[in-house]
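Novice: sequence plus predicted model, see below.
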Protein chains: 2
Amino acid sequence: MKTSFTRINGSVTAPRGFRAAGVAAGLKASGKKDMALIVSDKPATVAAVFTTNQVKAAPVRLSMQHAKSGKACAIVVNSGNANACTGSSGMIHARAMACGVGRRFGCAENHVLVCSTGRIGVNLPVVKVEAGIKQLLGVLSPRGGAAAAQAIMTTDTFAKQVAVQFKAGGRTIRIGGIAKGAGMIQPNMATMLSFLTTDAAIPRAALQKALTHAVNHSFNRITVDGDTSTNDTVILLANGVAGAAPLAKFQEALDFVCLELAKMIVRDGEGVSKFVTLNVRGAASDRDAVIAARSVANSVLVKTSWCGGDPNWGRILDALGYSRAKVDEDLVDVVYNGVPAVRGGMATRTPLARLRKIVAQPTFTIDVHLHLGRGHCTMHTCDLTEKYVELNRGE
Amino acid sequence: MKTSFTRINGSVTAPRGFRAAGVAAGLKASGKKDMALIVSDKPATVAAVFTTNQVKAAPVRLSMQHAKSGKACAIVVNSGNANACTGSSGMIHARAMACGVGRRFGCAENHVLVCSTGRIGVNLPVVKVEAGIKQLLGVLSPRGGAAAAQAIMTTDTFAKQVAVQFKAGGRTIRIGGIAKGAGMIQPNMATMLSFLTTDAAIPRAALQKALTHAVNHSFNRITVDGDTSTNDTVILLANGVAGAAPLAKFQEALDFVCLELAKMIVRDGEGVSKFVTLNVRGAASDRDAVIAARSVANSVLVKTSWCGGDPNWGRILDALGYSRAKVDEDLVDVVYNGVPAVRGGMATRTPLARLRKIVAQPTFTIDVHLHLGRGHCTMHTCDLTEKYVELNRGE
């Protein structure tokens, strides 16, 4: 597929005018990096998307308020503690993070966005966090994107970074991003954090529209375990240093960055051994396609069958049937990597061994056609393994 | 709690006028019993509840038609093959089962109900099934309930049987039942089959109302893995041999039988190590209470934390928050076996060790109070274990 952009190295500090840092502030028992800071030297236009969970962590509620100002200079993040279900002290602690950065960086408190990820219901160790902020300010660098990507990780096994550039009227525009995922990952976001930067100049309304579109086709089209977190946040800062960008080109590049990060989240899901792309076509509507795809992608029985390399399409039909999407069993086709397993709701003559070979691979695609309309949805998901249970048992 | 009924030994053949049988017809590779038959010597009034899945197995569609006649003499069941997603041959095979029993037992085809459970998408081996029916008719017995309970098992580890009796105007009324469960178990039923018999004389409309009530407060209030099967069926036959029964007493006894069977299904869920009773109180409505309880009981992260004995109430708050039930974080209480863990959305001073001790037990109760209204729901559920994944991997 020909694209109008090029992938480049780096992430949030690839666009000009951004600096970042990641440090170990002692929030993680492991001693690993657990605080990150991303700053724009020039106040940036901000767009953001937050968790749909009714239970929202204090930093989410604070950042929602702050994003309303339309401008931001900094994003401060801690991992190891979600600052969720922490009552009024939670909000005081989130504000303290914003104040601490604003005071030292020299910007208004409400131009600082705050994010937290980690265990729910434990008070934030504010003294450590304050010291971490001081540390972060000391090591901010135009090459700090990688350290920031590491510092936001929780059970992630690798740092997630993407950057692209494209030409616009002789100028070079860049977009970069980092993300973390691993558990509590489901459509409509999860403890999934993603921070995106660009040096393009984009008016605020257009920026928000572009981000919403990109998120709907990336972070909202993945699921690991069906659990939507209290802390999900995606933030995009546009500082305008590189000048205006044509919106269509910008959208294409932004969509790519978000989708790449979203796919990395699925690949790095807790205990994941299979990466599955699920296309639902022919649904009565796009909304129905999403509902049907989520039902299949979140079915515990479908996910465990993938783990064992079992092409158990019966469980897929079962999950389609109990979804709220319109389904007529006699019309359903299911195809594994182009090989038909089900036509009109019944098994084809494809030998089971051939389907087993496909599902044994670490990556495969399942196409479901409902033959009811033109609704379509692509969902990226994974299997459910013994390892996932082991990682989440908590003992 | 004082009840107006007494628990007795036996199951579907405890009420007078019923006989049953269970045989090995060769549908299960293991050679275990895989066909069951329950008959009423006198045509019985029938009530039934079927799966809400849009993809319905052929026997479900056939039994839905047959139940409309209001009368039934026999229920024939096979395990080892679901006869689901088997196209037009599926319906022919289901009809053949009804015809085979009707012809030999001497009743109309539409007075025979048919159920299947097992793998989806594989044609029923009709020759074996036909021979199995012949065998079943040969061994029908008023002590055959236990054999029938064994024959309907799939991955169940024990046969599920309950019977009760109560007095009505000097006469003894009995209700008995068997069930199978294990996997694909979620509210609104699952590959969950249950067959109930009574010698009470109850008019059809009242019988259906009583069964619907009992199912809503038992089989529809359990979840193992959140997957609703294509084959769920609950059938109640009332042959009237013992005469009329007061409806209130009958309902109380029937509710008990259904709830006992439903709880056995959860206890015997695939790989289950914890049996959890979840009470949601103070919801805005009963409907909201059910939605909230299901969200918690089906959360993969909540279930895995139980498996590890981790009182991770943060995940419970998270699951409440992303449910579609109205939730105000600042009002939520969570209590483990009477010990408060969360008050008003925040951790209490209860030491974590005390909560750990509770969740380490094989059986415990969690009370969630939303403080928004008078909606209430009790859900019986279980943990998600490495063993569940291992059992369902399919390799």
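Specialist: Nice, I can see it.
Novice: export whichever strand or helix holds A:Cys377 to CSV, keeping only CA atoms.
Specialist: Using DSSP states H and E, A:Cys377 maps to strand A:375-382. C-alpha atoms of strand A:375-382 as CSV (Å, rounded to 0.1, in the frame of the first residue of the first chain):
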residue,chain,number,x,y,z
GLY,A,375,-21.4,-3.0,8.1
HIS,A,376,-17.7,-3.7,8.6
CYS,A,377,-15.2,-3.7,11.4
THR,A,378,-11.7,-4.9,11.9
MET,A,379,-10.7,-5.9,15.5
HIS,A,380,-7.2,-6.9,16.6
THR,A,381,-7.1,-9.4,19.4
CYS,A,382,-5.3,-12.3,21.0
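Novice: can you tell if that strand touches chain B?
Specialist: No - Strand A:375-382 does not reach chain B (CB under 8 Å from any CB of the partner chain); its nearest approach is 12.2 Å. In this view, the C-beta of every residue, glycine as well, is placed from N, C-alpha and C.
Novice: so for the next helix or strand after that strand, mean pLDDT?
Specialist: Per DSSP H and E, the first helix or strand lying C-terminal to strand A:375-382 is helix A:386-392. The average pLDDT within helix A:386-392 is 79.
Novice: excluding its backbone neighbours, what's nearest the closest residue to chain B within the stretch 101-250 of chain A?
Specialist: Taking CB to the nearest CB, chain B has its nearest neighbour within the stretch 101-250 of chain A at A:Ile120, 2.6 Å off. Leaving aside its sequence neighbours, A:Ile120 sits nearest to B:Gly314 (CB to CB, 6 or more residues apart in numbering or on different chains; 2.6 Å).
Novice: hmm, the one you found is touching A:Arg119, no?
Specialist: Yes - taking CB atoms under 8 Å as the definition, B:Gly314 is a contact partner of A:Arg119 at 6.6 Å.
Novice: the more surrounded of the two?
Specialist: Neighbour count, other CB atoms under 10 Å in any protein chain shown: between B:Gly314 and A:Arg119, B:Gly314 has more, with 24 against 15.
Novice: against which helices or strands is the host helix or strand of the more buried one packed?
Specialist: According to DSSP H and E, B:Gly314 maps onto helix B:313-322. Packing contacts for helix B:313-322, counted by 3 or more CB pairs under 8 Å, 6 or more residues apart in numbering or on different chains; DSSP states H and E, involve helix B:286-298, helix B:300-307, strand B:333-336, strand B:339-343, strand B:363-369.
Novice: buried residues in the host helix or strand of A:Ala36, which are they?
Specialist: According to DSSP H and E, A:Ala36 maps onto strand A:35-50. Neighbour-count burial for strand A:35-50 flags A:35-40, A:43-50 (criterion: 16 or more other CB atoms under 10 Å in any protein chain shown).
Novice: tell me the mean pLDDT for it?
Specialist: Regarding strand A:35-50, the rounded mean pLDDT is 96.
Novice: rewinding a little: quick one, what contacts the residue nearest to A:Ile120?
Specialist: B:Gly314 makes contacts with A:82, A:84-85, A:119-121, as judged by CB atoms under 8 Å, 6 or more residues apart in numbering or on different chains.
Novice: could you rerun that using 6 Å?
Specialist: A:85, A:120-121 (CB atoms under 6 Å, 6 or more residues apart in numbering or on different chains).
Novice: tell me the most packed of the residues you listed, by neighbour count.
Specialist: A:Cys85 (27 neighbours).
Novice: mind checking the SS state of that one?
Specialist: With DSSP: H, G, I helix; E, B strand; the rest coil as the basis, A:Cys85 sits in coil.
Novice: okay, the closest residue to it other than its chain neighbours and A:Phe275: tell me how far apart.
Specialist: Closest residue to A:Cys85 apart from its sequence neighbours, by CB to CB, 6+ apart: A:Gly121 at 4.5 Å. A:Gly121 sits 32 Å away from A:Phe275, going by CB to CB, to the nearest Å.
Novice: element containing the spatially closest residue to A:Leu37 that is not a sequence neighbour, please.
Specialist: Nearest residue to A:Leu37, sequence neighbours excluded (CB to CB, 6+ apart): A:Leu136, at 4.1 Å. Applying DSSP H and E as the criterion places A:Leu136 in helix A:126-139.
Novice: same for the next helix or strand after that helix, what does it pack against?
Specialist: Downstream of helix A:126-139, the next assigned helix or strand under DSSP H and E is helix A:145-151. If you count contacts as 3 or more CB pairs under 6 Å, 6 or more residues apart in numbering or on different chains; DSSP states H and E, helix A:145-151 packs onto strand A:18-23, strand A:35-50.
Novice: contacts for the helix or strand just after helix A:145-151 next, please.
Specialist: As assigned by DSSP H and E, the chain's next helix or strand after helix A:145-151 is strand A:160-168. By CB under 6 Å, 6+ apart, the residues outside strand A:160-168 that reach it are A:4-8, A:10-11, A:14, A:149, A:172-179, A:245-246, A:249, A:253, A:257, A:260-261, A:264.
Novice: so A:His66 sits against A:Ala108, correct?
Specialist: No - checked against CB atoms under 6 Å, the pair A:His66 and A:Ala108 is beyond contact range at 9.2 Å.
Novice: those two: which has the busier surroundings?
Specialist: A:His66 (24 against 14).
Novice: quick one: contacts of the helix or strand hosting that one?
Specialist: Secondary structure assignment for A:His66, by DSSP H and E: helix A:58-67. The contact list for helix A:58-67, computed with CB under 6 Å, 6+ apart, reads A:46, A:48, A:50, A:83, A:90-91, A:94, A:110, A:113-116, A:231.
Novice: send the alpha carbons of the top helix by length along chain A over as CSV?
Specialist: Assignment by DSSP state H gives helix A:247-267 as the longest helix of chain A. Listed next in CSV are the C-alpha coordinates belonging to helix A:247-267 (Å, rounded to 0.1, in the frame of the first residue of the first chain):
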residue,chain,number,x,y,z
LEU,A,247,-5.6,17.6,7.1
ALA,A,248,-6.0,14.5,4.9
LYS,A,249,-2.2,13.7,4.9
PHE,A,250,-2.1,14.4,8.7
GLN,A,251,-5.0,12.1,9.3
GLU,A,252,-3.5,9.3,7.3
ALA,A,253,-0.2,9.5,9.2
LEU,A,254,-1.9,9.9,12.6
ASP,A,255,-4.1,6.8,11.9
PHE,A,256,-1.0,4.8,11.1
VAL,A,257,0.8,5.9,14.3
CYS,A,258,-2.2,5.0,16.5
LEU,A,259,-2.9,1.7,14.7
GLU,A,260,0.8,0.6,15.0
LEU,A,261,0.8,1.4,18.7
ALA,A,262,-2.6,-0.3,19.3
LYS,A,263,-1.3,-3.5,17.5
MET,A,264,1.8,-3.5,19.7
ILE,A,265,-0.4,-3.4,22.7
VAL,A,266,-2.2,-6.5,21.6
ARG,A,267,1.0,-8.3,20.6
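Novice: just want the angle from it to strand A:375-382.
Specialist: Inter-element angle recorded for helix A:247-267 and strand A:375-382: 40 degrees (by axes from the mean of the first three to the mean of the last three CA atoms, to 10 degrees).
Novice: got the residues of chain A near chain B?
Specialist: Where chain A comes near chain B, counting by CB under 6 Å from any CB of the partner chain, the residues are A:53-55, A:85, A:87, A:120-121, A:225-228, A:230, A:299-301, A:304-305, A:307-310, A:312, A:314, A:317-318, A:321-322, A:327, A:329, A:345-347, A:386, A:389, A:392-395.
Novice: thank you kindly, that will do.
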